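Asks: sequence and predicted structure are below.
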Amino acid sequence: MIGTLTGFIDELRDVGIPVSMVEAIDAMQAVESIDLANQVALRETLRATLIKNLRHERAFDTAFDVYFSRLPPPIPGLDQDDDGESMDHAPPQSESGEFDLDDLLRSLLDALESSDSDGLRAGAQRAVDRLAGMEPGRPVGGTYYLYRTLRRLDMARLEEMLFEALADDDVMSEFDRRLLREDVTARLETLRRQLEEEIRRRLVADRGRQAVARTLRKPMIEDVDLMHATTAELAEMEAAIGPLTRKLAARLARRRKRRSGRLDFRKTVRKSLATGGVPADPQFKHPRPHRPEVWLICDISGSMATFSRFTLQFTHAMSSQFSRLRSFAFVDTVDEVTDFFGPGIDFGSALHRITTEAEVIWMDGHSDYGNTFEMFLSRYGSQISPRTTILITGDARNNYRPTRDAALADIARRARNLIWLNPEPASYWDTGDSTMSEYAKHCDSVHEVRTLAQLESFVEKLTFSGVRAS
Amino acid sequence: MEFASPQSVAGALRSVGYLPNDRIAQVVFLAEHLGKPILVEGPAGVGKTELAKALSAVTGRELIRLQCYEGLDEAKALYEWNYKKQLLRIQADADHNWDEIEQDIFSEDFLLERPLLKAIRSEHPSILLIDEVDRVEVETEALLLEILSDFQVSIPELGTIEAASIPMVVLTSNNTRELSEALKRRCLFLHIDYPDPTREKEILEARVPGLSGHLAEQIARVARSVRNLDLKKSPSVSETIDWARTLLALAIDEVDEAVLGDTLHVLLKYKTDIEIAAKELATPTG
């Protein structure tokens, strides 16, 4: 046990979860007082002692499945409802015809309908047996097998069948249908999790814990590359960004308060009159924090939309740190969108309003940086002051149109600072239609910002403007 | 209180009307067994504070509560010298030897106990609830460390006071900021999320007498549906309980679009949230 546990803790540390010595010892002690055969107890015990941050739970669960899933999984009464085809004897891929998909679907449906967890596990095992077509020795993470199983199971059909089975006979209102639909989704999600667990279990049996753990290792959500995030990861990022922005805002507010300045001689002398000329209570100059005026110019064309959204959200969360914050959005022309972000506004709907109401498309809806900068200069150029920090987010992929970088040069001359954030890796800049270096020569700095963590640290630096350092 | 197993923890909590899931029962069991504090985190209104109250009810121990807020300091959390009483004492016999008086006024008689000290000096083990610990500044957090790991308090004039009994400590946090590593390291971490419909139905039935099983199930399912929306503040468990009470008082036994539309303001507290939910789910009458 100690061996597995230290291996598990090492794995957590490798993923990037900080597990201290004390916590490891706590876990070992805690494990002694529980029933090791009980998976739930073991999982919750290790979670409580080793994981101190909600964001680490996903990585913890994956690692736990790999390290502590039992082999082979004991399923009570599997042989009976399995038509005699026990998983030990059956070849992993039986000839078509022998295996009855409808029968499997029916038993899964029964289990789903009655929320029977043992039945569901048995069904998941059979499904993986029959449908995943697992090949021993292939160094894959299992997602491929999962999708193969799901495709062959025909989840859409299963969903319909489950919906029918759970629906009342009489006519249902739209509202009831919606509730039921959500119920069905939740139940299918448990099936999906069972399948995933089952596949992982077999991968572990095949290739050993450490090898599987390595292939499954997922980066922390703050470190996921924004440009290549999956839909699920994006959803997670959206959930994570709220707390991240709040934390950053709190941290900045606190830091401002603590800063104390140089001795204010005049005030100290004035105050010392009250104590008979003895300067008992020294007074300090409180440095007036420099609050930059920030203008955000965001590319909201398809590929950049997510990145721009996160940048907008982070920057707006910090708006109290700026003397003024204005936002502009563009695709092939530019429009001011500051008013869409009133206090207490919901970001999803604000973004939606921008894409529908703001005038950001002039020609064909493909990014045109050149036209954007010229339009920007002519409309807002006169308002740029030497206090303005301008922040541009975009990949500088100009669809092979003229760069017209003279306009950007003019903007840069008027502003205090011009900073460009590019979510693409620096090695991709200037490849294809990217014109990053054309624009970069007018910017005070260009940053590669590929993850939420990088974005967070950039915004933090911005509040101590003017960030010139790269 | 000695719990034999997580199951007996769950049973005991159920008996006082708190319905724990496996995770909660397991962590409470461990905390009791290892003598470690529990740090409970989760959205507002899922029963974090309630857990401490339920534990107090189950064990019959006194609940000592320290409500945290920005600006909380030692004098409010730990102890304070009763300086008015000290002044009186000094004035009462001014002719006494100063050393004697000094000895005297910095003694137990002049000490004002605040929650943390009280929990430690209590003869009988108590439940110490440190509520919303994320509201205090990082510096103040350090104040808690000595108590949480060693169960002792150092008072310069009196020396170190060790715990007469080990209190069971529950800290809650709404996660508005990251707590310090040092604090987290000393605690067992327990994240409580919104309950799934099955558990929420049980909670509703336990908390709202007279509620029919059918209605409770509907409420729980609607609650999940509303929480799935992208809202500023999702309805908490206490708000679904309020909603259940409202429906009961209105003698409604079937939830549909119209009912939801008319009573959404019980479930949601922001105008924008109500608008979103109404657009997605409900069609109010009139």
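Replies: In hand now; what should we look at?
Asks: what about the chain, any weak spots by pLDDT?
Replies: With no chain named, the answer covers chain A. Within chain A, the set of residues satisfying pLDDT under 70 comprises A:70-99, A:139-141, A:168-172, A:217-220, A:243, A:247-260, A:287-290, A:320, A:342-346, A:463-470.
Asks: not what I meant, chain B
Replies: Along chain B, the parts satisfying pLDDT under 70 run over B:1, B:94, B:282-286.
Asks: residues of the stretch 101-250 of chain B that sit close to chain A?
Replies: Counting by Cβ under 8 Å from any Cβ of the partner chain, the stretch 101-250 of chain B comes close to chain A at B:137-138, B:175-178, B:181, B:184-191, B:196-197, B:218, B:221-222, B:224-225, B:228, B:230, B:232. C-beta: built from backbone N, CA, C; applies to glycine.
Asks: what is the neighbour count of residue 153?
Replies: Picking chain A for this. Close neighbours of A:L153, defined as other Cβ atoms under 10 Å in any protein chain shown, add up to 22.
Asks: um, chain B though
Replies: 22.
Asks: doesn't it belong to a helix?
Replies: No. Read with DSSP: H, G, I helix; E, B strand; the rest coil, B:V153 is strand and lies in no helix.
Asks: residues contacting the nearest residue to it once chain neighbours are set aside?
Replies: Nearest residue to B:V153 in three dimensions, chain neighbours excluded: B:I161, at 4.9 Å (Cβ to Cβ, 6 or more residues apart in numbering or on different chains). B:I161 makes contact with B:L117, B:I120, B:R121, B:Q152, B:V153, B:S154, B:I155, according to Cβ atoms under 8 Å, 6 or more residues apart in numbering or on different chains.
Asks: isn't there a helix covering the first one?
Replies: Yes. If the criterion is three-state DSSP, then B:L117 is within a helix.
Asks: burial check on it, number of neighbours?
Replies: Neighbours around B:L117, by other Cβ under 10 Å: 20.
Asks: wait, it touches B:V153, no?
Replies: Yes. The criterion here is Cβ atoms under 8 Å, and B:L117 meets it with B:V153 at 5.7 Å.
Asks: between those two, what contacts are shared?
Replies: With Cβ under 8 Å, 6+ apart, B:L117 and B:V153 have common neighbours B:L78, B:Y79, B:I161.
Asks: which of the three states applies to the residue nearest to B:V153?
Replies: Classification of B:I161 by three-state DSSP places it in strand.
Asks: distance-wise, check it relative to B:E80.
Replies: B:I161 sits at a distance of 14 Å from B:E80 (criterion: Cβ to Cβ, to the nearest Å).
Asks: now A:A406
Replies: Relative to B:E80, A:A406 is positioned 69 Å away (Cβ to Cβ).
Asks: the more surrounded of those two?
Replies: More crowded of A:A406 and B:E80, by other Cβ under 10 Å: B:E80, with 16 against 13.
Asks: list the contacts for that one?
Replies: B:E74, B:L111, B:L112, B:R114.
Asks: before we move on, which element is A:V294 in?
Replies: For A:V294, the element it lies in under DSSP states H and E is strand A:293-299.
Asks: skip ahead from that strand and say which helix or strand is next.
Replies: Using DSSP H and E, the helix or strand that follows strand A:293-299 towards the C-terminus is helix A:305-317.
Asks: residue with max distance from the center of the chain?
Replies: Reading this off chain A. A:G276 (61.9 Å; Cα atoms, centre = their mean).
Asks: actually it's chain B I care about, not the one you picked
Replies: For chain B, the residue at maximal distance from the C-alpha centroid (Cα atoms, centre = their mean) is B:D95, at 50.4 Å.
Asks: chain neighbours aside, what residue packs nearest to A:P136?
Replies: Here the residue nearest A:P136, using Cβ to Cβ, 6+ apart, is A:D206, at 5.1 Å.
Asks: quick one: that neighbour and chain B, what's the gap?
Replies: 30 Å (Cβ to the nearest Cβ, to the nearest Å).
Asks: who's in contact with the strand or helix carrying B:I203?
Replies: B:I203 belongs to helix B:197-207 when elements are defined using DSSP H and E. The contact list for helix B:197-207, computed with Cβ under 8 Å, 6+ apart, reads A:183, A:186, B:17, B:19, B:21, B:194-195, B:211, B:213, B:216-217, B:219-221, B:223-224, B:237, B:240-241, B:244.
Asks: name the residues that touch the helix or strand that comes right after it?
Replies: As assigned by DSSP H and E, the chain's next helix or strand after helix B:197-207 is helix B:213-228. Under the criterion Cβ under 8 Å, 6+ apart, residues A:178-179, A:182-183, A:186, B:194, B:196-198, B:200-201, B:204-205, B:208, B:234-235, B:240, B:243-244, B:247-248, B:252-255, B:260, B:267-268, B:277, B:281 lie in contact with helix B:213-228.
Asks: now which of these would you call buried?
Replies: Among these, those scoring as buried are A:178-179, A:182-183, B:194, B:197, B:200-201, B:204-205, B:208, B:234-235, B:240, B:243-244, B:247-248, B:255, B:260, B:267-268, B:277, B:281 (criterion: 16 or more other Cβ atoms under 10 Å in any protein chain shown).
Asks: now, these that are in helices?
Replies: Judged by DSSP state H, helices contain the following of those: A:178-179, A:182-183, B:197, B:200-201, B:204-205, B:240, B:243-244, B:247-248, B:260, B:267, B:277.
Asks: if I look at the closest residue in space to B:D109 that isn't next to it in sequence, how far off is B:L204?
Replies: Spatial nearest neighbour of B:D109, chain neighbours left out: B:K85 (7.8 Å); criterion: Cβ to Cβ, 6+ apart. Distance of B:K85 to B:L204, given as Cβ to Cβ: 51 Å.
Asks: select only the buried ones of the contacts of B:E80 in PyMOL?
Replies: Here is the PyMOL command that selects the buried residues among these (16+ other Cβ under 10 Å):
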select buried, chain B and resi 111+114
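Asks: narrow the contacts of B:E80 to those in strands?
Replies: If you go by DSSP state E, the contacts of B:E80 have B:L111, B:L112 in strands.
Asks: which of the contacts of B:E80 sit farthest apart?
Replies: B:E74 and B:L111 (12.8 Å; Cβ to Cβ).
Asks: now B:L158. Nearest residue, chain neighbours left out?
Replies: Closest residue in space to B:L158, ignoring its immediate chain neighbours: B:F106 at 7.0 Å, by Cβ to Cβ, 6+ apart.
Asks: for that neighbour, give its distance to chain A.
Replies: Using Cβ to the nearest Cβ, B:F106 is found at 26 Å from chain A.
Asks: isn't that residue right up against B:I155?
Replies: No. Checked against Cβ under 8 Å, the pair B:F106 and B:I155 is beyond contact range at 9.0 Å.
Asks: before we move on, back to that, residues of the helix or strand harbouring the residue nearest to B:D109 that come out buried?
Replies: Counting by DSSP H and E, the element that carries B:K85 is helix B:83-92. Across helix B:83-92, burial judged by 16+ other Cβ under 10 Å covers B:Q86, B:R89.
Asks: isn't the residue nearest to B:D109 up against B:F110?
Replies: Yes. Applying Cβ under 8 Å, one finds B:K85 in contact with B:F110, separated by 5.5 Å.
Asks: which positions in stretch A:446-465 come out as buried?
Replies: Buried residues in stretch A:446-465, counting neighbours by 16+ other Cβ under 10 Å, are found at A:446-452, A:454-456, A:458-460, A:462-463, A:465.
Asks: using PDB, list the CA coordinates for that stretch.
Replies: Presented in PDB, the C-alpha positions along stretch A:446-465 are these (Å, rounded to 0.1, in the frame of the first residue of the first chain):
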ATOM      1  CA  VAL A 446       4.400  42.000 -28.000                       C
ATOM      2  CA  HIS A 447       3.500  39.200 -25.700                       C
ATOM      3  CA  GLU A 448       2.800  35.600 -26.400                       C
ATOM      4  CA  VAL A 449      -0.200  34.800 -24.200                       C
ATOM      5  CA  ARG A 450      -1.300  31.200 -24.700                       C
ATOM      6  CA  THR A 451      -2.900  30.200 -21.400                       C
ATOM      7  CA  LEU A 452      -5.100  31.600 -18.700                       C
ATOM      8  CA  ALA A 453      -2.200  31.700 -16.300                       C
ATOM      9  CA  GLN A 454      -0.200  33.800 -18.700                       C
ATOM     10  CA  LEU A 455      -3.100  36.100 -19.200                       C
ATOM     11  CA  GLU A 456      -3.600  36.500 -15.500                       C
ATOM     12  CA  SER A 457       0.000  37.400 -14.900                       C
ATOM     13  CA  PHE A 458      -0.100  39.900 -17.800                       C
ATOM     14  CA  VAL A 459      -3.100  41.700 -16.500                       C
ATOM     15  CA  GLU A 460      -1.500  41.900 -13.100                       C
ATOM     16  CA  LYS A 461       1.500  43.500 -14.600                       C
ATOM     17  CA  LEU A 462      -0.600  45.900 -16.600                       C
ATOM     18  CA  THR A 463      -2.100  47.400 -13.500                       C
ATOM     19  CA  PHE A 464       1.400  48.600 -12.500                       C
ATOM     20  CA  SER A 465       1.700  50.100 -15.900                       C
END
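Asks: great, nothing more from me.
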